[in-house]
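> fold the following, please.
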Amino acid sequence: MTNLLLKIFVKNYKDVGNAAVRDRVGNLSSGVGIFLNLLLSAAKITVGVLFGLVSVFADGINNLTDCGSNVVSLVSIRLASRPADKEHPYGHRRAEYVASMVVAFLVLVASVELASEGVSKIISVFNGSADELSWEIWTIVTLSVSVLIKLWMFFFNGILGKRYSFGLLKATAVDSISDVCSTAAVLIALIVSHYTGFNADGFMAVIVSVVIAVSGIKILKETFKHLLGEGADESLARFVKERIIKFDGVLGVHDLNIHNYGPNSYYANVHVEVDARVPILDSHDIIDQIERDFAENTNIKLVIHMDPIVIGDPELDGYKEEITGIVKSLDDNFDIHDFRMVKGPTHINLIFDVAISFDTKLKEREIADYIQAKVNEKYSDVYIVATVEKQIK
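Numbers count the residues shown, from 1 in each chain. Okay, here's the model as predicted:
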């Protein structure tokens, strides 16, 4: 069914890296969500009002909230697809994150309201004023069909979210599976009440509200990660480095920073090492080729800082090998770069950067002191000038 809808409504749907295709996929998901959620909401609210089933009514309100979320998603996708302008030179793609946050808040507000209704119903049960729940076969059918539809929506949005790296659709999928749980809980309440005589409507309404709240918190947490500026995915960083290192004349890559300005919209800067003996214009031409390659063939706008390094000097290479061994003895994931040697009349300065992992427990000062101590064991006239910094591996 998912592929059929894509074939009908999304042109070139197999081009998963195309921003325009991705926007059309988002519009399809929102349109399907609006239609199905309106249908489910109308059915459940009607049943809830007619038979005094607060949990069913609450579940219908939840579907109505989902419909509002789909509308927010639709508007945000339209906004996110707008090109960069003077006020927003990096584009509007982060509008999707804002939309996800709005969806999360709507979900949380709905959960609070539903919990309030459920608590009121529970109090009425203990006061002996609660009405007996009505058992109608078409009520059970309505809820059962709702579970099946929401389960399909979970798989539908989950597949699209994964295939097109669409965080907003992944959030919608999470919301759909929470709806499956909540509606199933309402269905169980009716069955329990029918066969035991105990009115579990209010209790299940509270359970539904908790499930909804949990899904809202998950969406909010995921959205905050993007808005606050999370680190680049390791696979993306590896892709960038491996693509750069394939160019002839590139000796090393370090100090990579990747900034996310919305789904599939990245700006990155990196240091690229080249041979200092090569004429600077030739090295600059290599840098231009790399930047052009990324601009034309990826969704990453790359800016490169060129680092000319000395190679083929036996003394410098010897020191570099020793320092590398010392650094690796601390942690095999540590590395060094920008290695230079400055000779003076009384001593030698070894100047370099130490790239360490973000999860290390060691302090920067401890690492620098350790390297100097190890160097002092062999050399009395060699000093290190080390800049220790956490970097993406």
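
> tell me which residues of the host helix or strand of N257 are tucked away?
According to DSSP states H and E, N257 maps onto strand 252-260. For strand 252-260, burial by neighbour count (16 or more other C-beta atoms under 10 Å) applies to 252-256, 258, 260. Placement of C-beta: from N, CA and C, glycine included.

> pLDDT check: weakest of those residues?
The member of the buried residues of strand 252-260 with the lowest pLDDT is N260, at 80.

> so how far is I323 from that one?
34 Å (C-beta to C-beta, to the nearest Å).

> go on, A20?
In this structure, A20 and I323 are 50 Å apart, going by C-beta to C-beta.

> what does L64 give?
Distance from L64 to I323, by C-beta to C-beta: 64 Å.

> how about M1?
In terms of C-beta to C-beta, M1 sits 60 Å off from I323.

> so the two - more neighbours on which side?
I323 (21 against 8; other C-beta atoms under 10 Å).

> how about the more buried one: what's its closest non-neighbour residue?
Excluding its sequence neighbours, the residue lying closest to I323 (C-beta to C-beta, 6 or more residues apart in numbering) is I336, at 6.0 Å.

> wait, what's in contact with that neighbour?
320, 323-324, 327, 352-355 (C-beta atoms under 8 Å, 6 or more residues apart in numbering).

> repeat that for A42.
G60.

> can you do 10 Å?
Neighbour list for A42: 60, 63-64 [criterion: C-beta atoms under 10 Å, 6 or more residues apart in numbering].

> what do you get for K320?
K320 makes contacts with 309-311, 313, 336, 339-341, 350, 352, as judged by C-beta under 10 Å, 6+ apart.

> which SS state does G17 fall under?
coil (DSSP: H, G, I helix; E, B strand; the rest coil).

> residue contacts, it?
Per C-beta under 10 Å, 6+ apart, neighbours of G17: 164-165, 264, 298-299.

> of these, which is the most crowded?
Most neighbours among the contacts of G17, by other C-beta under 10 Å: Y164, with 24 neighbours.

> look up how far G31 lies from V71.
Counting by C-beta to C-beta, the gap from V71 to G31 is 10 Å.

> so where do the strands sit in this structure?
252-260, 266-275, 300-309, 335-343, 348-356, 382-390 (DSSP state E).

> which other helices and strands contact the last one?
If I follow you right, that is strand 382-390. Strand 382-390 is packed against helix 314-330, strand 335-343, strand 348-356, helix 364-376, with contacts defined by 3 or more C-beta pairs under 10 Å, 6 or more residues apart in numbering; DSSP states H and E.

> what comes up buried for that strand?
Buried residues in strand 382-390, counted by 16+ other C-beta under 10 Å: 382-384, 386, 388.

> same check on stretch 298-306?
In stretch 298-306, residues buried by neighbour count (16+ other C-beta under 10 Å) are 298, 300-302, 304.

> restrict it to CA atoms and write it as CSV.
Extracted in CSV, the C-alpha atoms of stretch 298-306 (Å, rounded to 0.1, in the frame of the first residue of the first chain):
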residue,chain,number,x,y,z
THR,A,298,26.0,15.9,-1.9
ASN,A,299,23.7,18.0,0.3
ILE,A,300,26.8,19.3,2.2
LYS,A,301,28.2,22.8,1.6
LEU,A,302,31.8,22.4,2.5
VAL,A,303,34.4,25.0,3.4
ILE,A,304,38.1,23.8,3.6
HIS,A,305,41.0,25.2,5.5
MET,A,306,44.3,24.2,3.7
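
> and L36, what's its pLDDT?
At L36, pLDDT is 94.

> if we can go back for a sec, and of the buried residues of strand 252-260, the nearest to Y97?
N260 (9.3 Å; C-beta to C-beta).

> for that closest one, which non-adjacent residue is spatially closest?
Among residues not flanking N260 along the chain, Y266 sits closest, at 6.0 Å (C-beta to C-beta, 6+ apart).
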